[in-house]
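Trainee: 3D model of this:
(chains A and B)
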Amino acid sequence: MRKHLRILDHAVATLVQSPFKTLVVISVYSLLVATLASVVLYVDAHQREAEALLGSAPEIVVQSIRGGRQDLVAIDRAADIRRIPGVGEATPRVWGYSYDPPTRATLTVWGADSVPRESLEMREGELSATENGGSCIVGAGVADARFIGVGDRLPFRCADGELAAPSVAGVFTTDSAILTNDLVVLPTALARRILGVEADLCTDIAVAVLNPSEVDTVVRKIQERWADARVISRRQILQTYDAVFDWRGGVWILAIAGSIAAFGILVWDKATGLSAEEFRGIGVLKAVGWKTTEVMELRAAEGVVVSVVSLLTGLIGAQIHLVVFNGAVFAPVIKGWSVLYPSFDVTPRLSAYGLLVTIPLVVLPYVAASLLPAWRAAITDPDTVMRS
Amino acid sequence: MTSRRCLYVRALLVVVAFEVAVATCLALVGSRRAAGLDRARIDNRRLVSELGLADLALWSDASYCRHPSLAVPYSALADHPSAMEHFPAGSMVPPPWFEPPDRRGEP
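Mentor: Next comes the predicted model:
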């Protein structure tokens, strides 16, 4: 134990003897760890948030495809789906999009008869549809973009050319902006007028299944029954967001590929040879009686010391970037952007997954690269090493 | 000589302990902040459940960006034959992978 401690001490002393080189290596190494850990933890946080929220999305959504495009579904189909064994409820839904010229944003128009009160910041009255508009509930992004609040009117040009100007009965909380930022919830009858969806049609059908293990069977039965049906399960919805955020993280990794390559060159440089001074140092150690295994242990200790310090510095950097600055550097790529962009808070947590991804990517290659040239020098005759 | 040399290991231990402490503090701050969002998450889950929402309101440029999980996979290219996908957010959403049909057995 004492011997290993002395070797570790000697390794730290060797690193301190060339402070500039050690600092440069630790800085580059830490920056790479900080960047990789930031991307991994940030993407992981978004995936977990999507999974947490959309875990209560409809179990099955049934659409109709005609001419290669999504088409409206006959509302009678909901009753037929309800008769499939294992189906709990089949709810026809009316929703769609409406372009808002003043803000140049596309709003999502959603037909519903009620909204949970906890999700609203301000509310006055209930959702109602009347001849000249009725009322609606808008997302915080819509309210901000249109400078409107409770009691104001939000005009829409209906599919029949008439104007509907429902009054704002409530505004969604900013905490729910990740789901509701561009949303305008209207009574279903009014949503039908705006979107031009006739009474016997709906946009799609949300299906609840009594036993989750029967979802695949219900999906198969729906697909067999209606040739034009496109069926999306909750599992597919969650997989979509996993793929989207993975892909966005991949874009960032691609963007920092240059620095990863630079680190690779640094590692390669270490692996392909020692400096004359390092070579001579190993020769001296061999000459004074160090065994090959001890020289290897010394070099491994140097690699581990640099790796541990850099890994911790990099993780601190990543945490400061994510916790203090909310991932400001990566946010535009990972979160994306749009005219109505929600402000939402996703706090990444330091996880075993993040560490397990980062450590093998940077630590193992560096320690291995420290050992290879040392092994070559250590097995050479000390006299030859010192004379070369 | 021995005690002077041990200073290096001691100094290393101090640096490592300091970094571990800072990293742990930051991780705890992050966890506390994440836990603070749990209340909002419960409300949001109820909203998703009641309205039947299936997507996050992140990218509202085009229907297939606003509702990537509900969009028809080729809707980005459905404007006209050989249409190019043209929304910036769309460049961040990967196209779905289709297994090409195996036609080797066909005449």
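
Trainee: residue A:186: what's it in contact with?
Mentor: A:109, A:110, A:111, A:112, A:127, A:129, A:134, A:136, A:166, A:194 (C-beta atoms under 8 Å, 6 or more residues apart in numbering or on different chains). Glycine gets a C-beta too; all of them are placed from N, C-alpha and C.

Trainee: what helix or strand does the spatially closest residue to residue A:225 that is not a sequence neighbour sit in?
Mentor: Using C-beta to C-beta, 6 or more residues apart in numbering or on different chains and skipping the chain neighbours, the partner closest in space to residue A:225 is residue A:80 (7.4 Å). Assigned by DSSP states H and E, residue A:80 falls within helix A:76-82.

Trainee: kindly report the same for residue A:374.
Mentor: helix A:352-378.

Trainee: the residue nearest to residue A:225 and residue A:221 touch, don't they?
Mentor: No: counting by C-beta atoms under 8 Å, residue A:80 does not reach residue A:221; the two are 10.5 Å apart.

Trainee: give me the common contacts of those two.
Mentor: By C-beta under 8 Å, 6+ apart, no residue touches both residue A:80 and residue A:221.

Trainee: about what we covered before: what residues of the helix holding residue A:80 count as buried?
Mentor: For helix A:76-82, burial by neighbour count (16 or more other C-beta atoms under 10 Å in any protein chain shown) applies to A:77, A:78, A:81.

Trainee: near chain B, list only the ones from the contacts of residue A:186.
Mentor: Near chain B, judged by C-beta under 8 Å from any C-beta of the partner chain, the entries from the contacts of residue A:186 are A:110, A:112.

Trainee: just put the contacts of residue A:186 in a markdown table and tack on secondary structure and neighbour count.
Mentor: Formatted as a markdown table, the contacts of residue A:186 follow (DSSP: H, G, I helix; E, B strand; the rest coil; neighbours: other C-beta atoms under 10 Å in any protein chain shown):
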| residue | secondary structure | neighbour count |
| --- | --- | --- |
| A:109 | strand | 23 |
| A:110 | strand | 24 |
| A:111 | strand | 25 |
| A:112 | coil | 19 |
| A:127 | coil | 21 |
| A:129 | coil | 20 |
| A:134 | coil | 20 |
| A:136 | strand | 29 |
| A:166 | coil | 25 |
| A:194 | helix | 25 |
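
Trainee: return the member of the contacts of residue A:186 nearest to residue A:233.
Mentor: Using C-beta to C-beta, residue A:110 is the member of the contacts of residue A:186 that sits closest to residue A:233, with 21.0 Å.

Trainee: correct me, but that closest one touches residue A:187?
Mentor: No: the criterion here is C-beta under 8 Å, and residue A:110 misses it with residue A:187 at 10.6 Å.

Trainee: please enumerate the helices of chain B.
Mentor: B:2-36, B:38-51, B:63-66 (DSSP state H).

Trainee: can you put those in TSV and add mean neighbour count?
Mentor: Output for those, formatted as TSV (neighbours: other C-beta atoms under 10 Å in any protein chain shown):
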stretch	mean neighbour count
helix B:2-36	14
helix B:38-51	18
helix B:63-66	22
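
Trainee: could I get the ones you listed in JSON lines, plus columns for mean pLDDT and distance to chain A?
Mentor: Output for the helices of chain B, formatted as JSON lines (pLDDT from 0 to 100; distance: least, C-beta to the nearest C-beta, whole Å):
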{"stretch": "helix B:2-36", "mean pLDDT": "82", "distance to chain A": "4"}
{"stretch": "helix B:38-51", "mean pLDDT": "85", "distance to chain A": "4"}
{"stretch": "helix B:63-66", "mean pLDDT": "80", "distance to chain A": "6"}
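
Trainee: out of those helices, the one nearest residue A:73 is which?
Mentor: Once those are compared by C-beta to C-beta, helix B:63-66 is nearest, at 16.3 Å.

Trainee: need the CA coordinates for that closest one. CSV is fine.
Mentor: Listed next in CSV are the C-alpha coordinates belonging to helix B:63-66 (Å, rounded to 0.1, in the frame of the first residue of the first chain):
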residue,chain,number,x,y,z
SER,B,63,-48.3,20.4,-38.6
TYR,B,64,-45.7,17.6,-38.7
CYS,B,65,-43.4,19.6,-36.4
ARG,B,66,-46.2,20.6,-34.0
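
Trainee: same for that helix, what does it pack against?
Mentor: strand A:105-111 (3 or more C-beta pairs under 8 Å, 6 or more residues apart in numbering or on different chains; DSSP states H and E).
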